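A.B. asks: I need the structure of the sequence given here:
(one chain, ligands or ions: 1)
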Amino acid sequence: MTALTRDQVLETLKTVRGPDLERNIVELGMVSDVFISDGKVYFSITVPAERARELEPLRQAAERAVKSMPGVKGALVSLTAEKKPGAPSAAPAPARPHAHGHPHAHGPAAGAPQRPAKQNIPGISAIIAVASGKGGVGKSTTAVNLALAMKANGLKVGILDADVYGPSMPRLLGIAGRPQQIENRIIVPMENYGIKAMSMGFLVDEGTAMIWRGPMVQSALMQMLREVAWGDLDVLVVDMPPGTGDAQLTMAQQVPLSGAVVVSTPQDLALIDARKGLNMFRKVEVPVLGIVENMSYFIAPDTGARYDIFGHGGAKAEAEKIGVPFLGEVPLTIAIRETSDAGTPVVVSDPEGPQARVYREIAEKVWQGVQSASGRAAPSIVFE
Ligand SMILES: Nc1ncnc2c1ncn2[C@@H]1O[C@H](COP(=O)(O)OP(=O)(O)OP(=O)(O)O)[C@@H](O)[C@H]1O
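C.D. replies: Have a look, this model is predicted:
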């Protein structure tokens with residue numbers, strides 16, 4: 001049997017008529033990229049937001065049509081709403097923070113703006129986001145080593161890979177296989193090195209998530225947060241997707257975060273992006289626990305000599321300027337890269353080494369920040 005192709009899927013979808021029965025959904029340009037993996041077909045149909053409910057039968061018709069094709073083992077079709085340019089995003093940003101308003105203050109301040117309450121996750125004491133203004137600065141590497149360092153410091157730790165488009169936790173933690181599902185759709189998290197982990201990478205094959213649009217990503221994330229048997233955790237570290245777009249903003253808003261750690265490299269451009277990241281958390285009233293400068297300086301593998309070739313210290317200066325804590329400097333070392341690639345992050349493969357020590361110190365400061373953010377109304381951070 002020849003492999004199923006996108007063209008065949010699109011050809012089949014041409015039999016599905018558009019919402020007003022004129023033309024078909026392919027010609028109307030409503031069908032997203034079609035992704036096929038392991039005989040399963042994934043795509044979305046873009047509809048006007050206000051008609052999403054009414055058009056559910058259209059979604060079902062498209063799904064049925066594809067499922068009936070020979071060679072198709074399954075189909076996952078979702079409706080997505082196109083955001084009109086300039087229209088407010090689906091999840092409106094909360095009103096500007098009050099002068100002294102703070103999400104962790106006890107009880108709502110009188111006259112505080114109405115915001116939908118973020119529901120805490122039972123059993124999880126604190127959730128922290130690890131974010132970056134742009135990709136490739138080492139956010140996932142920092143997140144996994146931070147989580148492992150918190151574990152080494154004696155905490156019960158979980159890690160949630162929210163980077164649905166490019167999940168890296170399976171590789172970083174050296175975990176393969178699919179998680180078990182128990183009653184009521186609840187998923188048992190995977191585990192390695194004493195931390196619990198959940199990632200879209202455990203649930204779908206690599207590449208599958210690439211065609212997902214906003215709403216699917218949101219629901220996948222919420223499921224990984226709330227329908228996973230995390231058990232009792234002192235802290236859940238969330239590896240956020242890189243960037244500061246709408247998707248990240250919505251995520252920062254929907255997850256009940258205790259605080260955020262922003263990872264940057266020392267270069268000016270990365271710092272500009274890091275500042276966008278800080279502003280994003282400020283917008284959703286999540287306390288910034290601090291900045292980590294990654295690839296801060298270079299340690300020569302042969303001599304151990306240190307070279308400050310990256311404009312080392314940029315993130316520290318930036319943190320001081322805007323008044324957020326500076327959490328530490330992580331050197332660029334072969335050891336960090338190689339151990340990450342091997343699925344044995346440096347904090348577990350060389351727990352007494354200098355890099356592990358750096359991460360443990362960062363972990364200590366992060367935890368102190370979490371304590372003070374939850375124990376009392378931390379002063380709101382003022383930018384600009
Ligand atoms: N301190 C470091 N020393 C050496 N290599 C590092 C360091 N930090 C990260 N790396 C390497 O840099 C690359 C990018 O790191 P990572 O995947 O953590 O970045 P990211 O910001 O999460 O990227 P993405 O945009 O893919 O989410 C990886 O190959 C990683 O091993």
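A.B. asks: The helix ranked longest in the chain near the ligand at all?
C.D. replies: Longest helix in the chain by number of residues (criterion: DSSP state H): helix 354-375. No - remark: helix 354-375 sits outside contact range of the ligand, by C-beta under 6 Å from any ligand atom, the gap being at least 7.8 Å. The C-beta positions use only the backbone N, C-alpha and C, and glycine is treated the same way.
A.B. asks: Neighbours of residue 268, how many?
C.D. replies: A count of neighbours around residue 268, defined by other C-beta atoms under 10 Å, yields 11.
A.B. asks: Could you look up the SS state of the closest residue to residue 318 other than its chain neighbours?
C.D. replies: In space, and not counting its chain neighbours, residue 318 is closest to residue 271: 5.1 Å by C-beta to C-beta, 6 or more residues apart in numbering. For residue 271, the secondary-structure state derived from DSSP: H, G, I helix; E, B strand; the rest coil is helix.
A.B. asks: Hmm, residue 271 is touching residue 316, no?
C.D. replies: No - counting by C-beta atoms under 8 Å, residue 271 stays clear of residue 316, with 10.5 Å between them.
A.B. asks: you'd agree residue 148 is up against residue 345?
C.D. replies: Yes - using C-beta under 8 Å, residue 148 and residue 345 qualify as a contacting pair, with a distance of 5.8 Å.
A.B. asks: Who has more neighbours out of these two?
C.D. replies: Taking neighbours as other C-beta under 10 Å, residue 148 and residue 345 compare with residue 148 leading, 29 against 26.
A.B. asks: ok, now how distant is the more buried one from residue 142?
C.D. replies: 11 Å (C-beta to C-beta, to the nearest Å).
A.B. asks: about what we covered before: quick one: contacts for the residue nearest to residue 318?
C.D. replies: Applying C-beta atoms under 8 Å, 6 or more residues apart in numbering to residue 271 gives the contacts 264, 314, 315, 318.
A.B. asks: now the longest strand along the chain: mean pLDDT?
C.D. replies: In terms of residue count, the longest strand belonging to the chain (DSSP state E) is strand 288-299. Here strand 288-299 scores 90 as its mean pLDDT.
A.B. asks: Stretch 63-83 too?
C.D. replies: Computed over stretch 63-83, the mean pLDDT rounds to 81.
A.B. asks: And stretch 159-173, by the same measure?
C.D. replies: Averaging pLDDT along stretch 159-173 yields 90.
A.B. asks: Touching it from outside, list them.
C.D. replies: With C-beta under 8 Å, 6+ apart as the contact definition, stretch 159-173 has outside contacts at 140-141, 143-144, 147, 175-176, 190, 192-193, 195-202, 209-210, 212, 217, 220-221, 224-225, 236-242, 251, 255, 340-341, 343, 345.
A.B. asks: swap in stretch 301-315?
C.D. replies: Residues outside stretch 301-315 that contact it (C-beta under 8 Å, 6+ apart) are 264-268, 271, 274, 291-293, 295-300, 326, 329, 331-335.
A.B. asks: ok, 7 Å please
C.D. replies: Residues outside stretch 301-315 that contact it (C-beta atoms under 7 Å, 6 or more residues apart in numbering): 264-268, 271, 274, 291, 293, 295-300, 326, 334.
A.B. asks: Buried ones among those residues?
C.D. replies: Using 16 or more other C-beta atoms under 10 Å as the burial test, those include 264-266, 271, 274, 291, 293, 295-299, 326 as buried.
A.B. asks: on that earlier part again, the contacts of stretch 301-315: which ones sit near the ligand?
C.D. replies: Filtering the contacts of stretch 301-315 for neighbours of the ligand using C-beta under 6 Å from any ligand atom leaves residue 295.
A.B. asks: Next, the residue of the stretch 151-300 of the chain found nearest the ligand: phi, psi?
C.D. replies: Nearest residue of the stretch 151-300 of the chain to the ligand: residue 242, at 4.0 Å (C-beta to the nearest ligand atom). When read as degrees, to the nearest 10, the backbone of residue 242 gives phi -70, psi 150.
A.B. asks: Skip the chain neighbours and tell me the closest residue to it.
C.D. replies: residue 135 (3.8 Å).
A.B. asks: any idea what the one you found is structurally, helix, strand or coil?
C.D. replies: Going by three-state DSSP, the secondary structure assigned to residue 135 is coil.
A.B. asks: Give me the neighbour count for it.
C.D. replies: Residue neighbour count, defined by other C-beta under 10 Å, stands at 14 for residue 135.
A.B. asks: Work out the gap between stretch 186-193 and the centre of the chain.
C.D. replies: 17 Å (C-alpha atoms, centre = their mean, to the nearest Å).
A.B. asks: And stretch 245-253, by the same measure?
C.D. replies: Counting by C-alpha atoms, centre = their mean, stretch 245-253 is centred 9 Å from the centre of its parent chain.
A.B. asks: Could you pull up the residues touching residue 242?
C.D. replies: 132, 134, 135, 139.
A.B. asks: secondary structure element for the closest residue to residue 343 other than its chain neighbours?
C.D. replies: Sequence neighbours aside, residue 174 is the residue nearest to residue 343 in space, at 2.5 Å (criterion: C-beta to C-beta, 6+ apart). Using DSSP states H and E, residue 174 is not contained in any helix or strand.
A.B. asks: Which segments of the protein make up each domain?
C.D. replies: Domain assignment of the chain by automatic domain parsing yields the ranges 9-81, 124-375.
A.B. asks: and stretch 292-299, C-alpha only, in CSV?
C.D. replies: The C-alpha trace of stretch 292-299 is given here as CSV (Å, rounded to 0.1, in the frame of the first residue of the first chain):
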residue,chain,number,x,y,z
VAL,A,292,19.8,33.9,34.7
GLU,A,293,22.7,34.8,32.4
ASN,A,294,23.4,31.7,30.4
MET,A,295,26.5,31.2,28.3
SER,A,296,27.9,34.0,30.4
TYR,A,297,31.6,33.2,29.9
PHE,A,298,33.6,30.4,28.3
ILE,A,299,35.6,27.8,30.2
